[in-house]
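> sharing a model prediction with you, sequence too.
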2 protein chains.
Amino acid sequence: MLKIIITIFVSVFSSLSLADELPSWREGATKNNIITFVESVTTPGDKNFVPINKRIAVFDNDGTLWSEKPYYFQLAFALDRLKELAPDNPEWQQDPILKAALEGDIKTLISGGKESLLKVIMLSHTGITTEEFNEIVIRWTSEARHPATKRLYIDMVYQPMLELLEYLRAKEFETWIVSGGGIDFMRAWSDKVYGIPPEQVIGSSIKTSYKIIDGIPTIIREPQIDFINDKSGKPVGIHKHIGIRPIAAFGNSDGDLEMLQWTTAGDGGRLGVIIHHTDAEREYAYDKNTHIGRLDKALTEASIKGWTVVNMKKDWGIIFPME
Amino acid sequence: MLKIIITIFVSVFSSLSLADELPSWREGATKNNIITFVESVTTPGDKNFVPINKRIAVFDNDGTLWSEKPYYFQLAFALDRLKELAPDNPEWQQDPILKAALEGDIKTLISGGKESLLKVIMLSHTGITTEEFNEIVIRWTSEARHPATKRLYIDMVYQPMLELLEYLRAKEFETWIVSGGGIDFMRAWSDKVYGIPPEQVIGSSIKTSYKIIDGIPTIIREPQIDFINDKSGKPVGIHKHIGIRPIAAFGNSDGDLEMLQWTTAGDGGRLGVIIHHTDAEREYAYDKNTHIGRLDKALTEASIKGWTVVNMKKDWGIIFPME
């Protein structure tokens, strides 16, 4: 009997709480667009109703679920890891790019272009087993802090997006990460931070190989790029991992343009959302004129295609969970 | 009130039905091994208890979930598709391999080795969009019939394995396919036939690319291999798609050896199972001496590692659902 009462209580409580499923989103057109879409695809009989097994929502990570300034947090991880390994690799001091990386001279590092960054990623991300890498990332996320806010990086996630993830899952959506970031880097903490399990994370990857080492089956991270999950790679990554077209996509930069196109070009109710960083006071303000997270073409296309643009300053009551 | 009564009834009924969750499995050591493992990892307090988010079981497809004789069903699909396309490609008649393929001369085709098969796969599986391919496979599975039994290929699945999939899912396992077969070929029917959604299918893949064609966002299947999910590729495919090590693996050939090694080498309760085709009367009997589904090294390793070997003839009361 107690069980029954609890069940009734819980079910009444959840219907009530639905009235306020996105408390950090200020009332207005943006919040309305999102809720109208979700109600429409989840209401049986609605012309846009979508069965549960097709309710796939995809989220970029850097700049969409957590901050990406002053530079991608995974680059901060790579630099910290490089420093850890430097004492065993004195020859790195002779390499101007590695020397810059070790001194935290991001400007010189970035001026070296893709090749320089790739070198840093390879040295910091490979040559170990997948399980070792996972542990190293977990340890880093529990210690490393953002240079400006001094908060743990994993606390630099957006509260309104956490609420959105929960809201969608309550409506029986699967919520997937589709990021240019490293798939195994994100998997180490995505469940804890976003409630997104490792198998629903799509990202860039390096090659791995299966080997038996001293009798122990092992997967090794090899120093070679496997897949870049950015721009036109995003629809490809989505197809590779999910195999069905999402009905909702959330991004914040031109790297997300193709994912938004692919998602919203399907039949029936579709939602495309762009997070526009407009809040220099509480977070950062940037769009066209930045190297990291540039938003230009996708913003133009948003107005043509009718995608929802989130104005962070205006639409979000709070930005970070600790506020 | 009615709802409450129904709820109670359903919950009593499901506990009762648990006594017979694998009715097509004959009583004996094999069935006991499987049930003992499942009970152990799902019982809170048990030393091998595994939380729900780590309950991953992986299944090979050809020869493990459905038949693979007289040759892989996907090859039958490729040949049927080739015949469909032949009228528009008269030059194929000048190519001895394609001519053999079109005439159903499997012996000549297979004697040409990997390259010949690859040619047939490329011509039959690429150059179209992912959505077109999906529709073609769905149509084929609704029409094409097995040469010996004259049944639809999708009816050539093993009833005991269907029960096992359901039983594991009832115990809150995720059930994944990890096959050397084509990922998109399987995804077209895996949900309908096995209750396994597209996002839980891992297989070999060809490259795809995202293109806007006549204004329409499209994913095209390119004539190039992306990944071979066989032998040492299986643990790599598992890591790529799932990101955590499974706790149970089911296979039937040497192509599954590395997947079984990787799965069973983890800590805690682990289950490795090999389906041994021993029933020439009801299905097929083969192991060491066959090109398709060869089982040799994995059978030797099973006895060393203590993996469970299913003797189809002895352990399975029925083999196909229609029996």
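Looks like it came in fine. Residues are numbered from 1 along each chain as shown, chains lettered A, B, ... in the order given.

> enumerate the residues of the stretch 101-250 of chain A near chain B.
For the stretch 101-250 of chain A, the residues in contact with chain B (CB under 8 Å from any CB of the partner chain) are A:130, A:174, A:183-184, A:187, A:191, A:197-201, A:205, A:208-212, A:216-217, A:219, A:232-236, A:239-244. Every residue, glycine included, has its C-beta placed from N, CA and C.

> tell me the secondary structure for A:Thr300?
Using DSSP: H, G, I helix; E, B strand; the rest coil, the structure places A:Thr300 in helix.

> looking at the residues of the stretch 101-250 of chain A next to chain B, which are in strands?
A:174, A:201, A:205, A:208-212, A:216-217, A:219 (DSSP state E).

> now the buried members of those residues.
A:174, A:201, A:205, A:208, A:210, A:217, A:219 (16 or more other CB atoms under 10 Å in any protein chain shown).

> what's the pLDDT at the third one?
Yep, that's A:Ser205 we're talking about. Predicted confidence (pLDDT) for A:Ser205: 97.

> centroid residue for chain A?
With distances taken as CA atoms, centre = their mean, A:Asn61 lies nearest the centre of chain A, 1.4 Å away.

> how much space between that one and A:Asp256?
Separation of A:Asn61 from A:Asp256 (CB to CB, to the nearest Å) stands at 10 Å.

> correct me, but A:Tyr286 touches A:Lys69?
Yes - taking contacts as CB atoms under 8 Å, A:Tyr286 lies within contact range of A:Lys69: 7.4 Å.

> quick check: neighbours shared by these two?
A:Gly293 (CB atoms under 8 Å, 6 or more residues apart in numbering or on different chains).

> quick one: buried residues of whichever helix or strand A:Lys314 is part of?
Assessed by DSSP states H and E, A:Lys314 sits inside helix A:312-315. Across helix A:312-315, burial judged by 16+ other CB under 10 Å covers A:312-313, A:315.

> what mean pLDDT does it get?
Per-residue scores along helix A:312-315 average to 98.

> try stretch A:80-89
The model assigns stretch A:80-89 a mean pLDDT of 97.

> and the closest residue in space to A:Ile183 that isn't next to it in sequence, how far from B:Gln74?
Distances taken as CB to CB, 6 or more residues apart in numbering or on different chains put A:Gly203 closest to A:Ile183, at 3.4 Å, once the chain neighbours are dropped. Distance, A:Gly203 to B:Gln74, by CB to CB: 29 Å.

> for the residue lying closest to A:Asn33 once chain neighbours are set aside, what are its contacts?
Distances taken as CB to CB, 6+ apart place A:Thr308 nearest to A:Asn33, at 4.6 Å, with adjacent residues excluded. Contact analysis of A:Thr308 by CB under 8 Å, 6+ apart lists A:30, A:33-34, A:271-274, A:302.

> nearest to chain B, of the residues you listed?
A:Gly272 (11.8 Å; CB to the nearest CB).

> helix or strand: which one has that closest one?
strand A:271-278.

> what lines up beside that strand in the sheet?
strand A:248-251 (parallel), strand A:285-286 (antiparallel), strand A:308-311 (parallel) (DSSP bridges).

> would you pull up the residue in the stretch 51-200 of chain A closest to chain B?
Using CB to the nearest CB, the single residue of the stretch 51-200 of chain A nearest to chain B is A:Pro198, 3.4 Å away.

> count the neighbours of that residue for me.
A:Pro198 is flanked by 20 other residues according to other CB atoms under 10 Å in any protein chain shown.

> pLDDT at the closest residue to it other than its chain neighbours, what is it?
Using CB to CB, 6+ apart and skipping residues adjacent in sequence, the residue nearest A:Pro198 is B:Gly243, 3.4 Å away. You'll see B:Gly243 listed with a pLDDT of 97.
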